[in-house]
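**Q** With the sequence up front, the predicted model follows.
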Amino acid sequence: MAKLVHSMIRVLDEARSVAFYDRAFGLKVAERLDFDDFTLVYLSNAESGFELELTINKGRLDPYEPGTGYGHIAVIVDDVDAEHARFERDALAPRKLVDFKHQGQVLARFFFVQDPDGYQVEVIQKGGRFG
């Protein structure tokens, strides 16, 4: 059976992205590998074995475009209302809280936030299928 271990995104400014993911989600640098043309930074926390890999291509000056194929990554939190308030306090520019319903029943409560490179992150209330 396969086990998901990481997802990779390309970022323009390593320090800016590391700071965002730390401040927003408590992700810390687990490993940093520097190569001639690029750097890989693996971010993680104690909540999950899954990591976010940041790829920084050296010499790139133009921002990346996430494109039409990229959707988002998602994280679960114990209290989405408190996290939304914290994101607002910390000027992380969260979008509005949403109660996602199907046939009148709330399936998920969440909000989105955009990282410095334009990637979307969904922050979901823990519970149900997101437990």
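**A** Good, I have the coordinates.
**Q** measure residue 64 to residue 37 for me?
**A** Distance of residue 64 to residue 37, given as C-beta to C-beta, to the nearest Å: 16 Å. Every C-beta, even on glycine, is put in place using the N, C-alpha and C of the backbone.
**Q** whoops, residue 28 was the one
**A** 25 Å.
**Q** Can you pick out the residue with more neighbours from these two?
**A** A count of neighbours by other C-beta atoms under 10 Å puts residue 28 above the other of residue 28 and residue 37, at 13 against 8.
**Q** Please report phi then psi for that one.
**A** Backbone torsions of residue 28, given as degrees, to the nearest 10, read phi -110, psi 160.
**Q** Same check on residue 23?
**A** Dihedral angles of residue 23 (phi, psi; degrees, to the nearest 10) stand at phi -60, psi -40.
**Q** got the contact list for it?
**A** Residue 23 makes contacts with 90, 92, as judged by C-beta atoms under 8 Å, 6 or more residues apart in numbering.
**Q** just the strands in this protein please.
**A** Secondary structure of the chain (DSSP state E): strands located at 6-10, 28-34, 38-45, 48-57, 73-77, 98-102, 105-114, 120-125.
**Q** Which of these sits closest to residue 21?
**A** Checking these against residue 21 by C-beta to C-beta gives strand 38-45 as the closest, at 5.3 Å.
**Q** What residues of the closest one count as buried?
**A** Residues 39, 41-45 are the ones in strand 38-45 that count as buried (16 or more other C-beta atoms under 10 Å).
**Q** And stretch 83-90, by the same measure?
**A** 83-84, 87.
**Q** Which single one of these is nearest to residue 20?
**A** For these, the nearest to residue 20 is residue 87 (11.1 Å; C-beta to C-beta).
**Q** need the contact list for the closest residue to residue 22 other than its chain neighbours.
**A** Among residues not flanking residue 22 along the chain, residue 28 sits closest, at 6.3 Å (C-beta to C-beta, 6 or more residues apart in numbering). Residue 28 sits next to 22, 43-45 when contact means C-beta under 8 Å, 6+ apart.
**Q** Now tell me what touches the helix or strand of the chain with the lowest mean pLDDT from outside.
**A** Lowest on mean pLDDT, DSSP states H and E among the helices and strands of the chain sits strand 98-102, with a mean of 91. With contact meaning C-beta under 8 Å, 6+ apart, strand 98-102 is reached by 106-111.
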